[in-house]
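# structure, please.
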Amino acid sequence: MSRRQRGWRILPVVALVAITLGACTSPDPSPVSPTAAAPWVCPGVPRDGSELALGGDVTAETSGRWAAEGPGFFCTVKREDSSDGTILVMQGPVGSFASAGATAELQLAAIKREEGAEPIDADATGEGYAFGAGVKPTAAWVCGERVFTVELVSVDVEGRDGVADAENLLVSMLPWACGDEEAPGTDS
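Predicted structure coming up:
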């Protein structure tokens, strides 16, 4: 067999290796945007940010609705391929997130006491903190008598900062979670 014939036999192997390596990509290290935009995985919950935080395509279940009063909103976002990781987006009355009869002040004080709690800087009514590095990254915001949280449960995506992802997702949704804007995507 000539050198030229051996070269042609090696070419398909090299091409297969190149295709295989190209298919093995690492998760996107881009930060989750602190500004929400369509498409939506649940009403008002940005699909792109959720996919970045979970490291792949997502699916979701929703109950309730975004509101200034009433029982509240709940969205559970999971990976489509059933791998580990869930994002819980919750907005509701202070009493639904703390012991019965809790006030906004007591709820905020409890959030501030979370280990590693760092204030969230956002142009919105209320106050919030991000915490839970390495455990259950969470961002929580209290506005009026409402509490809004974004929790990443069992999420371990290489190269991502779960607390920053939770915080940016929360900040992106503050206009309807604690503001007067209508949550987008409610008609889809």
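# which residue is nearest the centroid of the chain?
Centroid-nearest residue in the chain: Ser50, 4.6 Å away (criterion: CA atoms, centre = their mean).
# secondary structure element for that residue?
Ser50 belongs to helix 47-54 when elements are defined using DSSP states H and E.
# now do that helix, average pLDDT.
The average pLDDT for helix 47-54 rounds to 96.
# and if you look at stretch 156-164?
pLDDT averaged over stretch 156-164 equals 92, rounded to a whole number.
# how about the contacts made by Met173?
Under the criterion of CB atoms under 8 Å, 6 or more residues apart in numbering, the contact list for Met173 reads Ala36, Gly44, Val45, Pro46, Val89, Phe148, Val150, Ala183. C-beta coordinates here come from the backbone N, C-alpha and C atoms, glycine included.
# 6 Å - rerun?
If a contact means CB atoms under 6 Å, 6 or more residues apart in numbering, then Met173 has Ala36, Gly44 as its contacts.
# can you check Pro46 too?
Residues Ala36, Ser172 are the ones in contact with Pro46 under the rule CB under 6 Å, 6+ apart.
# from Glu145, how far off is the residue nearest to the centre of the chain?
In this structure, Ser50 and Glu145 are separated by 27 Å, where distance is defined by CB to CB, to the nearest Å.
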